[in-house]
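Undergrad: What would the 3D arrangement of this be:
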Amino acid sequence: MEASKKKAVEEYVKPLAVGLDGMTNYGDIERMVSASERIARGREGLDDDLLFLLAVFSGQEKWISRMGHRSRTEIFLASLGVPARTIQRLFRGLARFETAPASPEEEIVHDAVRLEAMGAYGIARSLTEGYRERLEIPEMADAIEEAARAPLATDEGRALAEERRALMLEFAARLRREHAEFDRTASRGREAGPSGWT
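TA: Model prediction:
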């Protein structure tokens, strides 16, 4: 796909990325493309156009599945000369790449999405989302650990995740310890006698 056509796709997706959940911004989409390119480096036999489209549209699955938006997107991509087969593979991939990737391109974008939820960057995102959802600190620690332990599908993804996983698990454990240190409910339980009274 020519650079001008890639730019047109990015401009098409940009307002969607900003508006869907109040959290995503266009920089996140650019990071998906960059991460996917990094994971794909050195691999042969990939459909580069499909990989780019999966990365750009990752996160937009709910929007695309709404009435009319799929056909609108099909018409737009066809106008850029994207083959019908690639468009169909894109829609199939968007429906499954996060939970059951079925092609090398889907595996790569799967790992790119997982890596964005890992490391210091992932911790920052997890805490932001946790505060927005009014989670308790232990619940945030659980979410961070869950993201750290998420499986990846590619060797490159697993290598990139290794240091990020260790950081997240260490952070979650320390977060729990520091929360428990001054948690009055927990300290009352430790000090309470058999009847529950101190």
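
Undergrad: Mind giving me the packing neighbours of the biggest helix by length in the chain?
TA: Longest helix of the chain, by residue count under DSSP state H: helix 155-181. Using 3 or more Cβ pairs under 8 Å, 6 or more residues apart in numbering; DSSP states H and E, the elements in contact with helix 155-181 are helix 26-40, helix 104-116, helix 119-132, helix 137-148. All C-beta atoms are positioned from the backbone trio N, CA, C, and that covers glycine.

Undergrad: Please convert these to JSON lines, extending it with distance to residue 53.
TA: Listed next are the helices and strands packed on helix 155-181 as JSON lines, based on distance: least, Cβ to Cβ, whole Å:
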{"stretch": "helix 26-40", "distance to residue 53": "10"}
{"stretch": "helix 104-116", "distance to residue 53": "9"}
{"stretch": "helix 119-132", "distance to residue 53": "24"}
{"stretch": "helix 137-148", "distance to residue 53": "25"}
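
Undergrad: For residue 167, find the nearest of those helices.
TA: Of all the helices and strands packed on helix 155-181, helix 119-132 sits nearest to residue 167, with 5.7 Å by Cβ to Cβ.

Undergrad: Report the mean confidence score over the closest one.
TA: Mean per-residue pLDDT for helix 119-132: 93.

Undergrad: What of stretch 10-20?
TA: 73.

Undergrad: ditto for stretch 70-78
TA: Averaged across stretch 70-78, pLDDT comes to 93.

Undergrad: ok, and for that stretch, which residues are buried?
TA: Buried positions in stretch 70-78, judged by neighbour count with 16 or more other Cβ atoms under 10 Å: 73-74, 77.

Undergrad: and if you look at stretch 5-13?
TA: Those would be 5-6, 8-10, 12-13, for stretch 5-13 by 16+ other Cβ under 10 Å.

Undergrad: Can you give the domain ranges for this protein?
TA: Listed domain ranges for the chain are 3-97, 119-184 (source: automatic domain parsing).

Undergrad: Do me a favour and get the end-to-end distance for the longest one?
TA: Across domain 3-97, the terminal residues are separated by 25 Å (Cα to Cα, to the nearest Å).
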